[in-house]
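S.K.: sequence plus the predicted model coming up.
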Amino acid sequence: MGDRSTTMRHKAYQLRQTLITLVLNIRDAVVSGGPLVIIAVALIVAAYWWLKPNPPSEVTLATGPAQSAYASFGDQYRSALASNKIKVNLEASEGSFNNLQLLREGKADLAFVQGGTASLTDEDLENLTSLGALFLEPVWLFYRTDAAQRLNKRPQLTSMTQLSGWKVNVGTAGSGVPTLFNQLLEANHLSPKQLTLSQLTETPATVDFLAGKLDAMVFVSAPESLMVQMLLQTPGVQLMDFPQNEAYGRKFRFLTPVTLPRGIVDLAANVPPRNVHLLASTTSLLARDDTHPAIKQLFAQASQNIHSNAGWFNRARDFPNTKSSELPVAQEGVRAINEPSPWLQRYLPFWLANLVERMWLVMGVLLAFMLPLSRIVPPLYQFRVRSRVFKWYGRLRAVEHEMEQPDPDRAGIRAELEELGRKVEKITVPLSYADELYALRSHIHWVLQKLDMQSREPAQTTQGPANGPDHSPAI
């Protein structure tokens, strides 16, 4: 029974010592490496503040008039980014030129802008960037058959030069169509003064056109536009064919020659009844250069799903692309369009993958900086633990020095040594440093023994003759 009790006490003592060692190791490691950790955290916080890896929760996208293709695409982008907790505020506008102005003024972060909308300035090249070409927007020039018969003595238009004297609506200034149409007139040696031009919005212009108050109307829009779909199937309305579309495409770099295939609108009704040669402007998604990189990346990735399907003028996967934009394409757009999805985003939520992607370089630099500094932690830890023992050696050395002085106060020295021993008994160190603690205790005990020897030496000297040989005469 006694042996078992002893064993239990021994195990309890071992457990207590193990826990003490663990606590001491953790405490000393924290204190020793604390300054290094504080420096690392400070650098990470500074890098986070400077890089701003997390995107803002809201952005503004300039779209276009209500019920336009731009407005429809805006809704799709809003839904796509909502899955990543990004709120997209849609800013309605008159059209492409108005969108460009909103970007220039900082009232929108991103916008749909047609090529040829306006002459891009050096400031635009510096402050704006493209996220890729999204889709083609043909120049739709619808005219009334009766107007062509009345004005040109033939039911069809074959050249823009035949528009002299016509009443044509070219859309609002904010749409960018007037600028584009004036360039086409100039290429055909026509002055705007030779036509009666109006700049009504799309709906009023369509009403006047169908009522015969306008001879023709021009707008630039994606084929998804409800207005395009309706006018293509309206009796008495024709879509102008541009037989020189290849020449236009060579002359204006922002125009692409395309063909509206026969029957693409309605195969059963054979609408249109023949192939129609058209000019198309490429619409890009532009962003301000100071728009957060993560926002650019999200929009460029969303464009893959929204604009990659086959359309009237393109095959599947023709868009989005990085080849047809007037402005340089941002790196976020290039990666999203031309490269596979980032590896981290396949397995992590976007915010976390973005944080890692944006911070990995900083973390690498920080690691390279901290590794040499981390080498001082083990010696610092060792010094801290051993100092608990070694600091008492100084006092022990001072006591020993007192013992070497002439006529030392041995009683005072003994009391001091005993006090030193009691204090050392209370010292706790990790088991790996226990040998140094026991060495200190042994040295204190040795100095006590030395003090005892010094105390006996005078007594031995005094008692020596009395205890020596007896030379008294024998009785």
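M.R.: Cool, got the structure.
S.K.: shaky segments in the stretch 251-400 of the chain?
M.R.: The stretch 251-400 of the chain contains residues with pLDDT under 70 at 343-344, 351-356, 358-366, 368-370, 373-374, 376-377, 380-381.
S.K.: can you map out the helices along it?
M.R.: Taking DSSP state H, counting those that start in this stretch as the criterion, the stretch 251-400 of the chain carries its helices at 293-306, 331-338, 343-347, 350-374, 377-403.
S.K.: what residues of the next helix-or-strand element following the last one count as buried?
M.R.: Downstream of helix 377-403, the next assigned helix or strand under DSSP states H and E is helix 410-425. Buried residues in helix 410-425, defined by neighbour count with 16 or more other CB atoms under 10 Å: 413-414, 416-417, 420-421, 424. (Each C-beta comes from the backbone N, C-alpha and C, glycine too.)
S.K.: how about stretch 329-345?
M.R.: Residues of stretch 329-345 classed as buried: 329-330, 332-337, 342, 344-345 (neighbour count, 16+ other CB under 10 Å).
S.K.: stretch 388-407 now?
M.R.: Under 16+ other CB under 10 Å, the buried positions of stretch 388-407 are 388-389, 392, 395-396, 399-400.
S.K.: who touches it?
M.R.: If you take CB atoms under 8 Å, 6 or more residues apart in numbering as the criterion, stretch 388-407 is touched by 408-410, 413, 416-417, 420, 423-424, 427, 429, 433, 436-437, 439-440, 443-444, 447, 450-451, 454.
S.K.: ditto for stretch 94-107
M.R.: So stretch 94-107 is contacted by 60, 62-65, 68, 70, 91, 93, 108, 110-114, 117-118, 123-124, 127-128, 171-177, 179, 201, 220, 283, 286-288 (CB under 8 Å, 6+ apart).
S.K.: next step: the residues you listed restricted to strands.
M.R.: With strands taken from DSSP state E, the overlap with the contacts of stretch 94-107 comprises 60, 62, 91, 110-114, 128, 220, 283, 286-288.
S.K.: tell me the most packed of those, by neighbour count.
M.R.: Most neighbours among the ones in strands among the contacts of stretch 94-107, by other CB atoms under 10 Å: V113, with 31 neighbours.
S.K.: do I have it right that it meets S284?
M.R.: Yes: if you go by CB atoms under 8 Å, V113 and S284 touch, sitting 6.0 Å apart.
S.K.: burial count for F383?
M.R.: Under the criterion other CB under 10 Å, the count of neighbours that F383 has is 12.
S.K.: which residues does it contact?
M.R.: No contacts exist for F383 under CB under 8 Å, 6+ apart.
S.K.: quick check: it vs G106, distance?
M.R.: Here the distance between F383 and G106 works out to 57 Å (CB to CB, to the nearest Å).
S.K.: again, but for G311
M.R.: From G311 to G106 the distance is 33 Å (CB to CB).
S.K.: between the two, which one's more packed in?
M.R.: Neighbour count, other CB under 10 Å: between G311 and G106, G311 has more, with 17 against 11.
S.K.: show me the contacts for the more buried one.
M.R.: Per CB under 8 Å, 6+ apart, neighbours of G311: 135-136, 223.
S.K.: nearest to H307 among these?
M.R.: F135 (5.4 Å; CB to CB).
S.K.: can you tell me the element that closest one falls in?
M.R.: Assigned by DSSP H and E, F135 belongs to strand 128-144.
S.K.: hmm, back to that, widest-spaced pair of the buried residues of stretch 329-345?
M.R.: Spatial extent of the buried residues of stretch 329-345 (CB to CB) is set by the pair V329 and L344 at 22.5 Å.
S.K.: once you drop chain neighbours, what's closest to V139?
M.R.: Computed as CB to CB, 6 or more residues apart in numbering, the closest residue to V139 that is not its neighbour in sequence is L279, at 4.7 Å.
S.K.: burial count for that neighbour?
M.R.: 27.
S.K.: my read is that it contacts F254, right?
M.R.: No: L279 is not in contact with F254 according to CB under 8 Å; the separation is 9.9 Å.
S.K.: quick check: R388 vs P430, distance?
M.R.: From R388 across to P430, the span is 10 Å (CB to CB).
S.K.: please apply the same query to E186.
M.R.: Relative to P430, E186 is positioned 88 Å away (CB to CB).
S.K.: which of these two has more residues huddled nearby?
M.R.: Legend: neighbour count by other CB under 10 Å for E186 and P430, higher for P430 (16 against 11).
S.K.: wait, isn't the more buried one in contact with Q382?
M.R.: No: counting by CB under 8 Å, P430 does not reach Q382; the two are 10.5 Å apart.
S.K.: ok so, going back, and which of the buried residues of stretch 329-345 is nearest to S83?
M.R.: For the buried residues of stretch 329-345, the nearest to S83 is Q345 (12.6 Å; CB to CB).
S.K.: from P223, how far out is that closest one?
M.R.: Counting by CB to CB, the gap from Q345 to P223 is 32 Å.
S.K.: cool, and V385?
M.R.: 78 Å.
S.K.: and if you look at V389?
M.R.: V389 is 86 Å from P223, by CB to CB.
S.K.: please apply the same query to A268.
M.R.: 18 Å.
S.K.: neighbour-wise, which of those two wins?
M.R.: Neighbours per residue (other CB under 10 Å) separate A268 from P223, with P223 holding more: 20 against 6.
S.K.: quick one, what contacts L110?
M.R.: 59-62, 103, 131, 285-288, 291, 295, 299.
S.K.: including distance to S83, could those go into JSON lines?
M.R.: Shown next, in JSON lines, are the contacts of L110 (distance: CB to CB, whole Å):
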{"residue": "V59", "distance to S83": "15"}
{"residue": "T60", "distance to S83": "19"}
{"residue": "L61", "distance to S83": "16"}
{"residue": "A62", "distance to S83": "22"}
{"residue": "L103", "distance to S83": "25"}
{"residue": "L131", "distance to S83": "18"}
{"residue": "L285", "distance to S83": "18"}
{"residue": "L286", "distance to S83": "23"}
{"residue": "A287", "distance to S83": "20"}
{"residue": "R288", "distance to S83": "23"}
{"residue": "T291", "distance to S83": "19"}
{"residue": "I295", "distance to S83": "14"}
{"residue": "F299", "distance to S83": "13"}
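S.K.: correct me, but Q199 touches N169?
M.R.: Yes: Q199 is in contact with N169 according to CB under 8 Å; the separation is 7.1 Å.
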